[in-house]
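show me the folded form of this:
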Amino acid sequence: MCETRQIRLTSRLLHIGSAVSQLGPFEYVQTGKFVYLSKPDALARSLQSRGFLNDYIQRIQAQKEITSLLENAFGKQWWTAEDMDGEPLFPKHLRSLKWADRVTELRPMIRNGFGQLYIPGSSIKGAIRTAIAYHLLKYANKYNVPGPQRPSQIEQRLRQSMGELKRRAKFADDPLFMETLFSDFSLRYQGQAIKARTGPNTDFMRAIQVSDASPLIEERIQPEGKRPFFRNLPIVSEVVISSHYGNNRAKYRASIYAEMVLNMRSHFTLSLDYEMLKWFRHNQQMSLPFKSIEDVLNICREFAQDQWDFEHDYWANVKNNPDDRGQALDFNDIRDIYEPEQCPHTLRIGWASGLMGTTINLLMPDDTVAKVRDTCGISAPNFEAPKSRRTVKNHRGEIRYVPGWVKLEMM
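This next block holds a predicted model:
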């Protein structure tokens, strides 16, 4: 028996990184209103056929603007140009509304094989896996989690292995607790033991399947009696990386530019195979934490609530700074976001999930988390971890958004 549900996924602002973390200057073109991702090979062929290729290469190498060159090659409305096969060189689905004065070193969002923005099922399932791990460890007694995999023991082993942690940071949680929580199972099918090497085949998350979300297609919505708005609107905006000084006054660290989706709405399929779930018998008698899709979503909601409370406390302590290296750091709108006591979201995925959204560090003592940060990331002695945050400016240059919070609802 298998439970399959369609899940609506919504977010105010979202960014999921792509395999290419940063685009070179020849891979996008910006105007006053839009940022266009080009098709570099097709663009180069079209420029060559018009005698502009060498000029294009020289401008790229010198990091000069190329819009005037595109106007000379294709006319004033160069963004409507087509290649020799009649295909647009700058397709609309590769265009984003520009919310920044000048975009540099653009971070693109992931796209599917058709060039459409989307959310991979692997990103959603990875966030669910982290939520389940957090839940098991938070309620270790309830689920009979083996002693060595309980938070106090994990912390002790972390401290003992801090010297080698940086070298293997990406996979450090596997031997510490993830392998025992998810893969230390024997399999039984129709009363018979199944021989399987411990690993992916014995991971109980095999019983959960998550599809890719539907493509994020831009759509104009006209509510009755209200102003229209755009759903799944691609934007490129300035992302402010900030932390704070010792007196909690906000500190500007850097600005980066990312492709994101505003007013995101999509859906995906979530399946739970009850029959397969019965195959799994933990070798140390740990029990599984869910029996239904609703259980899984509730586990995610609780993890989101704990992250929400942590973020509320962080922003409550950070003081605005009207001028730090030329940046006005006014976080009043961010504090307003975290004002509700109850978290209105189910998960945090993608960019800005950060240290607390992708690990079980909310269960660790503050000083241990800080030592992990100082060992594996940018050292910040005597400060809490994580110290820095990413917030996003709106089209008026005001710090207005925190990306990554998503709501999951059964349809």
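
which of the helices or strands spans the nearest residue to Ile399 once chain neighbours are set aside?
Once flanking residues are discounted, Ile399 sits nearest to Thr391: 5.1 Å by Cβ to Cβ, 6 or more residues apart in numbering. For glycine as for every other residue, the C-beta is placed from the backbone atoms N, C-alpha and C. Assessed by DSSP states H and E, Thr391 sits inside strand 389-393.

the spatially closest residue to Trp351 that is not a sequence neighbour: neighbouring residues, count only.
In space, and not counting its chain neighbours, Trp351 is closest to His15: 4.0 Å by Cβ to Cβ, 6+ apart. Neighbourhood size, His15 [other Cβ atoms under 10 Å]: 27.

my guess is His15 meets Trp405, correct?
No. Counting by Cβ atoms under 8 Å, His15 stays clear of Trp405, with 11.9 Å between them.

and the gap between the most centrally placed residue in the chain and Asp101?
Nearest to the geometric centre of the chain sits Gly350, at 0.5 Å (Cα atoms, centre = their mean). Distance, Gly350 to Asp101, using Cβ to Cβ, to the nearest Å: 25 Å.

the strand holding Thr391 pairs with which strands, and in what direction?
As defined by DSSP bridges, the strand partners of strand 389-393 come to strand 233-244 (antiparallel), strand 399-401 (antiparallel).

what's the first helix or strand after the longest strand along the chain?
Taking DSSP state E as the criterion, the chain has its longest strand at strand 250-273. Note on strand 250-273: by DSSP H and E, the next helix or strand toward the C-terminus is helix 274-277.

quick check: Ala131 touching Cys300?
Yes. Counting by Cβ under 8 Å, Ala131 touches Cys300, with 4.6 Å between them.

anything in contact with each of those two?
Residues within reach of Ala131 and of Cys300 at once, by Cβ atoms under 8 Å, 6 or more residues apart in numbering, are Leu347.

higher neighbour count, these two?
Ranked by neighbour count (other Cβ under 10 Å), Ala131 and Cys300 place Ala131 first, with 27 against 24.

where do the helices sit along the stretch 251-400 of the chain?
Using DSSP state H, counting those that start in this stretch, the helices found in the stretch 251-400 of the chain span residues 274-277, 293-317, 332-337, 354-357, 366-376.

and His345, which of those helices is closest to it?
Checking the helices of the stretch 251-400 of the chain against His345 by Cβ to Cβ gives helix 293-317 as the closest, at 5.2 Å.

who are the packing partners of that closest one?
helix 121-138, strand 250-273, helix 332-337, strand 347-348, helix 354-357, strand 405-410 (3 or more Cβ pairs under 8 Å, 6 or more residues apart in numbering; DSSP states H and E).

that helix vs helix 121-138, what angle?
Taking axes from the mean of the first three to the mean of the last three Cα atoms, to 10 degrees, one finds that helix 293-317 is oriented at 80 degrees with respect to helix 121-138.
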